[in-house]
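In: I would like the atomic coordinates for the input below:
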Amino acid sequence: MALPTVLMPGPMNRSVQAGLDGRFEVIRLWEADDPDAVLAERAKDIVAVAGAGTPIDGPFLDRFPSLQLVANFGVGYDKIDATAAAERGVVVTNTPGVLDDEVADTALGLLLMTVRQLPQAERYLRAGKWLERPYPLTPSTLNGRTMGIIGLGRIGEAIARRVEPFGVSVAYHNRHHKDVAYRYYPTLLELAAAVDILTIVVPGGDETRHLVNAEVLQSLGPDGILINVARGSVVDEAALVEALRSKTILGAGLDVFEHEPKVHPGLLEVDNAVLLPHVGSASVPTRDAMGGLVVANLVSWFDNGVPVTPVPESADLVRRTHG
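Out: Here you go, the predicted structure:
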């Protein structure tokens with residue numbers, strides 16, 4: 001019996017490649033001398049796509065008449081048009097849950113580094129300036145602050161649990177109120193005005209593009225810290241650069257950027273921003289767990305007709321298919 005054919009447009013984590021070998025025929029497109037010729041020849045055979053950040057829209061999906069599943073490596077899937085996929089009977093899956101703690105740890109690390117200027121202090125030491133005089137006192141501390149979380153989902157709740165022992169109180173803004181102990185603000189502006197740390201954990205995409213803009217940063221205020229471990233597109237980076245330069249806010253800790261891996265040059269110029277190269281989930285154990293979930297979704301779909309972690313846009317399709 002022929003193995004299901006999976007298209008892998010680009011290199012993926014070792015756990016994905018190892019998990020698929022022997023269970024699926026994998027077309028490793030990046031290894032092909034002529035990728036277009038491979039696709040033209042094999043498009044009708046491809047029943048699934050396994051990808052990490054591969055842009056997938058309607059025209060892409062239309063190239064594969066037998067396609068059933070797109071397995072995304074990562075929680076965020078804003079590069080995949082999941083609605084267009086559902087309209088074509090294609091299920092989309094992602095990898096939630098297994099990276100929550102790692103990303104929450106990164107958010108906490110960014111927060112500590114930003115508030116206490118730890119990277120700046122290290123650069124000061126490496127430059128030999130400590131020999132001349134001690135590093136200046138930082139203008140702020142963490143204890144007693146209030147964090148506002150934009151998007152109190154699994155990762156947001158994991159961040160909240162981590163900051164509370166530091167003496168940080170928590171508030172949040174979601175589309176809807178949740179049954180949690182944290183204070184809810186129905187609008188982002190109200191949240192920004194009430195807190196002095198604003199942490200972004202919402203998905204990317206058109207609905208959240210530039211959600212954090214100049215008005216929100218102004219509301220956050222001169223003692224405010226912005227932390228982003230979600231998607232760079234959520235922040236108006238030009239407005240953020242101006243807010244950092246003018247001291248409209250105190251600082252920012254960013255793991256993601258609007259046009260990554262390119263970083264807004266203004267962010268590289270200011271000294272009150274801590275910048276990381278999108279490493280929120282970038283540990284070997286976490287990436288292996290994410291890869292394992294990609295494989296589990298593919299295996300479960302083709303063995304049982306039910307994926308492990310379908311995205312919301314695919315929920316009705318899964319129910320119809322399995323029902």
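In: next structured bit after the longest helix along the chain?
Out: The helix of greatest length in the chain, counted in residues with DSSP state H as the criterion, is given as helix 284-304. Following helix 284-304 in sequence order, the next helix or strand is helix 315-322 (DSSP states H and E).
In: list the helices and strands that following helix packs on?
Out: Under the contact definition 3 or more Cβ pairs under 8 Å, 6 or more residues apart in numbering; DSSP states H and E, helix 315-322 sits against strand 91-93. Bear in mind the C-beta positions are built from the backbone N, C-alpha and C, glycine included.
In: which elements pack onto the strand it packs on?
Out: With 3+ Cβ pairs under 8 Å, 6+ apart as the test, strand 91-93 has strand 69-72, helix 82-87, helix 284-304, helix 315-322 packed against it.
In: what's the angle from the helix or strand just after that strand to helix 284-304?
Out: Following the chain from strand 91-93 toward its C-terminal end, the next helix or strand by DSSP H and E is helix 100-116. Between helix 100-116 and helix 284-304, the angle formed by their directions is 150 degrees, by axes from the mean of the first three to the mean of the last three Cα atoms, to 10 degrees.
In: what mean pLDDT does helix 100-116 have?
Out: Averaged over helix 100-116, pLDDT sits at 97.
In: hey, where'd the strands end up in the stretch 151-300 of the chain?
Out: Using DSSP state E, counting those that start in this stretch, the strands assigned to the stretch 151-300 of the chain run over residues 169-173, 183-184, 197-200, 225-228, 251-254, 273-275.
In: could you pull out the buried residues of the fourth one?
Out: Put plainly, it is strand 225-228. By neighbour count on 16 or more other Cβ atoms under 10 Å, the buried set for strand 225-228 is 225-228.
In: so which elements touch that strand?
Out: With contacts defined as 3+ Cβ pairs under 8 Å, 6+ apart, strand 225-228 has these neighbours: helix 100-116, strand 197-200, strand 251-254.
In: make TSV out of those and add mean neighbour count and distance to V306.
Out: Compiled in TSV, the helices and strands packed on strand 225-228 are given as follows (neighbours: other Cβ atoms under 10 Å; distance: least, Cβ to Cβ, whole Å):
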stretch	mean neighbour count	distance to V306
helix 100-116	21	23
strand 197-200	26	32
strand 251-254	25	38
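In: any chance of these in a markdown table, plus distance to T309?
Out: Conversion of the helices and strands packed on strand 225-228 to a markdown table gives the following (distance: least, Cβ to Cβ, whole Å):
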| stretch | distance to T309 |
| --- | --- |
| helix 100-116 | 13 |
| strand 197-200 | 22 |
| strand 251-254 | 27 |
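In: closest one to I149 among those?
Out: strand 197-200 (5.1 Å; Cβ to Cβ).
In: for that closest one, packing partners?
Out: In this structure, strand 197-200 makes packing contacts with helix 100-116, strand 146-150, strand 225-228, judged by 3+ Cβ pairs under 8 Å, 6+ apart.
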